[in-house]
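A.B. asks: Sequence first, then the predicted structure:
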Amino acid sequence: MPDASDFIVIGAGAAGEAAAHEARRLGASVVVIERELFGGSCPFWACMPSKALLHAAGIHAVGGDYSWRRASLFRDWVISREKRRTPDDSNHVSALEKAGAKVVRGQAQILGPGKVRVKTKGKAVRVLRARNLIVAVGTQSTIPDLPGLEDIKPWTNREATSTRKLPKSLLVMGGGPTGVELAQAFARFGVPVTIVHPQDRVNHRDHPSNSAVLARALEKDGVKLRLGVRVERIIPAADPVKPHRFVLSDGSRESSHEALLAIGRTAPLDGLGLETLGVALHHGRVKADEHLRIADRTFVVGDPAGPEMHTHLAHYQGEIAVRICLGEDVKPDFSAIPRATYTDPETASVGMTAEEARAAGHDVFEETADLEKSAKGNVTESFGHATAIVDRKSHLLVGAFLAGPGASEAIHESVLVIKTKVPIEVLADTIHAFPTTARVMGSVFVAAARRLSD
């Protein structure tokens, strides 16, 4: 290994892998350091296994031959592409090595500009040097300070997506994307599930109509929603066969055998050595400039960089940080970040709600259509909506929100539209296949264009 590489990438999740592969594509040398599994959380404990379980649960819910055992085996195959009971990251490692990257498994600590110490297996220590550093450490489940929590050994997404045995009952703390997806998966396998969420609607950062669809879907599957309250303390069960008791902020109680923490994610930045670069943490986070730079020739990408946490955003940031560092005149564009929740039905969005748009100075109106009353809703026996937020002055789409079959796919038309600033009149004149969720959104574009012309 040369004395100094072009890049050291700390973390080999979606962002770190993307950065390493892009560096090699552009002819730069790169060392990738990972303390756990190459590939990060997404393929092993988050995106991939949760979607595999949702797929299996969807078939099981309509009487299909998909037992929990079969679902578990399918999840294992999705994770490692072979019959293994434990995650295997060898495909990720071999892909990086085939690309020409150097891989190091160990705990990294920054010692100063371009200098990183790695503690490898067996407590051996190596000091590596590079001209550029990319911090791509990802995030981990936030563990709240709750009386009684440690005594019940709560689940995070790791335990939830890797459990071999269905819980007798499950209480989910947090009604964001992770909480609602896993709640539906377990509920569809017959587990009594309760979501406790401090906001007045699930997935509260999304459009209210998307939240309403999620609530309807969850309750249809038997999930109990406790909204506007939070868990304040836990009374562990004295007998392992009995449920724990959860005392809520309104004084009421819920009981459950297992608890899943889905209240947020925390970046493991403490102890990384960022202070040696003059980088200070603010409430556990770092502040990057518009080029993802946090110090001279040092970049942060993926979940710790924000502005949102998505695998696809992490991948995008990893690549663009390398391009910036190698001299390209580019910067990340966060104006059209797609978001999706993979429940049944799916929800998806891009851009701003009407409230957010008005706060940003836009004069907007909202146009919507009920998917349940559309041809797509009729032939799929589904429900949902399509909603567009349109700027009156510019005639541009500034936000789009979908719920229904294939919403995660159909949203990408609006993603491209917002990024490229296509006028609403062009969208109204665009032909959408019948009967699709995209066509329901197309009808919204037509209605919006007519409204502007009146």
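C.D. replies: Arrived safely, thanks for sending. Numbering: from 1, shown residues only.

A.B. asks: Next, name the residue at the spatial heart of the chain.
C.D. replies: For the chain, the residue sitting closest to the mean C-alpha position, by C-alpha atoms, centre = their mean, is residue 310 at 3.9 Å.

A.B. asks: wait, what's in contact with it?
C.D. replies: 337-339 (C-beta atoms under 8 Å, 6 or more residues apart in numbering). Where you see a C-beta, it was placed from the backbone N, CA and C, and this is true even at glycine.

A.B. asks: same for the worst-scoring helix or strand of the chain on mean pLDDT, what does it pack against?
C.D. replies: For the chain, using mean pLDDT, DSSP states H and E, the weakest element among its helices and strands is helix 68-80, scoring a mean of 92. Under the contact definition 3 or more C-beta pairs under 8 Å, 6 or more residues apart in numbering; DSSP states H and E, helix 68-80 sits against helix 47-61.

A.B. asks: elements contacting the helix it packs on?
C.D. replies: When contacts are defined as 3+ C-beta pairs under 8 Å, 6+ apart, helix 47-61 sits against helix 68-80, helix 157-162, helix 177-188.

A.B. asks: outside of the least confident helix or strand of the chain, which residues touch it?
C.D. replies: Residues beyond helix 68-80 that count as contacts (C-beta under 8 Å, 6+ apart) turn out to be 43-44, 48-49, 51-53, 55-57, 60, 83-85, 87-88, 91, 161-162, 164, 166, 189.

A.B. asks: got the angle between the helix or strand following it and helix 68-80?
C.D. replies: Along the chain past helix 68-80, the next helix or strand (assigned with DSSP states H and E) turns out to be helix 90-99. When axes from the mean of the first three to the mean of the last three C-alpha atoms, to 10 degrees is applied, the directions of helix 90-99 and helix 68-80 differ by 10 degrees.

A.B. asks: what sits up against helix 90-99?
C.D. replies: For helix 90-99, the surrounding residues in contact (C-beta under 8 Å, 6+ apart) are 12, 17, 20-21, 24-25, 32, 37-39, 43, 80-81, 103.

A.B. asks: From the residues you listed, which shows the smallest pLDDT?
C.D. replies: Least confident by pLDDT among the contacts of helix 90-99: that is residue 81, with 65.

A.B. asks: So what's the residue count around residue 230?
C.D. replies: The number of residues packed near residue 230 is 18, by other C-beta atoms under 10 Å.

A.B. asks: What of residue 189?
C.D. replies: The tally of other residues near residue 189 (other C-beta under 10 Å) stands at 19.

A.B. asks: Now for residue 344: which residues touch it?
C.D. replies: Taking C-beta under 8 Å, 6+ apart as the definition of contact, the neighbours of residue 344 are 54, 58, 61, 184, 217.

A.B. asks: Sort out for me which of the contacts of helix 90-99 are in strands.
C.D. replies: With strands identified by DSSP state E, the entries of the contacts of helix 90-99 that belong to them are 32, 103.

A.B. asks: Buried members of the contacts of helix 90-99 into PyMOL, please.
C.D. replies: Only the buried entries of the contacts of helix 90-99 go into this PyMOL selection, using 16 or more other C-beta atoms under 10 Å:
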select buried, resi 12+17+20+21+24+32+37+38+39+43+80+103
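
A.B. asks: Specify which member of the contacts of helix 90-99 is nearest to residue 206.
C.D. replies: Minimum separation from residue 206 among those (C-beta to C-beta) is found for residue 43, which lies at 25.0 Å.

A.B. asks: How are the helices of the stretch 101-250 of the chain distributed by residue range?
C.D. replies: Per DSSP state H, counting those that start in this stretch, the stretch 101-250 of the chain carries helices over the ranges 149-152, 157-162, 177-188, 208-220.

A.B. asks: Let me have these in TSV, extended by distance to residue 368, mean pLDDT and mean neighbour count.
C.D. replies: As requested, the helices of the stretch 101-250 of the chain are exported to TSV (distance: least, C-beta to C-beta, whole Å; pLDDT from 0 to 100; neighbours: other C-beta atoms under 10 Å):
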stretch	distance to residue 368	mean pLDDT	mean neighbour count
helix 149-152	41	95	16
helix 157-162	32	95	21
helix 177-188	21	98	26
helix 208-220	7	98	20
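
A.B. asks: Compare those and report which one is nearest to residue 140.
C.D. replies: Residue 140 sits nearest to helix 157-162 of all the helices of the stretch 101-250 of the chain, at 8.9 Å, using C-beta to C-beta.

A.B. asks: Just the CA trace of that closest one, in CSV.
C.D. replies: Output in CSV follows, covering the C-alpha atoms of helix 157-162 (Å, rounded to 0.1, in the frame of the first residue of the first chain):
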residue,chain,number,x,y,z
ASN,A,157,-34.2,-2.5,13.5
ARG,A,158,-31.4,-5.1,13.7
GLU,A,159,-33.3,-7.4,16.0
ALA,A,160,-36.6,-6.8,14.3
THR,A,161,-35.3,-7.7,10.8
SER,A,162,-33.2,-10.7,12.0
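
A.B. asks: Other residues contacting it?
C.D. replies: Counting by C-beta under 8 Å, 6+ apart, residues outside helix 157-162 touching it are 41, 45-46, 49-50, 53, 75, 141, 178, 182, 186, 260, 262.

A.B. asks: Quickly name whichever of these is closest to residue 400.
C.D. replies: When these are compared for distance to residue 400 (C-beta to C-beta), residue 178 wins out at 22.9 Å.

A.B. asks: Please tell me I have it right and the closest one contacts residue 262.
C.D. replies: Yes - A contact is recorded between residue 178 and residue 262 when judged using C-beta atoms under 8 Å, the distance being 4.4 Å.

A.B. asks: Show me what the residue nearest to residue 156 when sequence neighbours are not counted is bridged to.
C.D. replies: Closest residue in space to residue 156, ignoring its immediate chain neighbours: residue 141 at 3.7 Å, by C-beta to C-beta, 6 or more residues apart in numbering. Beta-bridge partners for residue 141, by DSSP bridges, are residue 265.

A.B. asks: Quickly note the distance from residue 141 to residue 131.
C.D. replies: Plainly put, residue 141 is 34 Å away from residue 131 if you go by C-beta to C-beta, to the nearest Å.

A.B. asks: Who has more neighbours out of the two?
C.D. replies: More crowded of residue 141 and residue 131, by other C-beta under 10 Å: residue 141, with 23 against 15.

A.B. asks: what about the more buried one, distance to residue 397?
C.D. replies: As for residue 141, its distance to residue 397 is 35 Å (criterion: C-beta to C-beta).

A.B. asks: And residue 302, by the same measure?
C.D. replies: Taking C-beta to C-beta as the measure, residue 302 and residue 397 are separated by 28 Å.

A.B. asks: Pick out whichever of these two has more residues nearby.
C.D. replies: A side-by-side neighbour count of residue 302 and residue 397, using other C-beta under 10 Å, places residue 302 first with 32 against 26.

A.B. asks: Right, I'll call it a day here.
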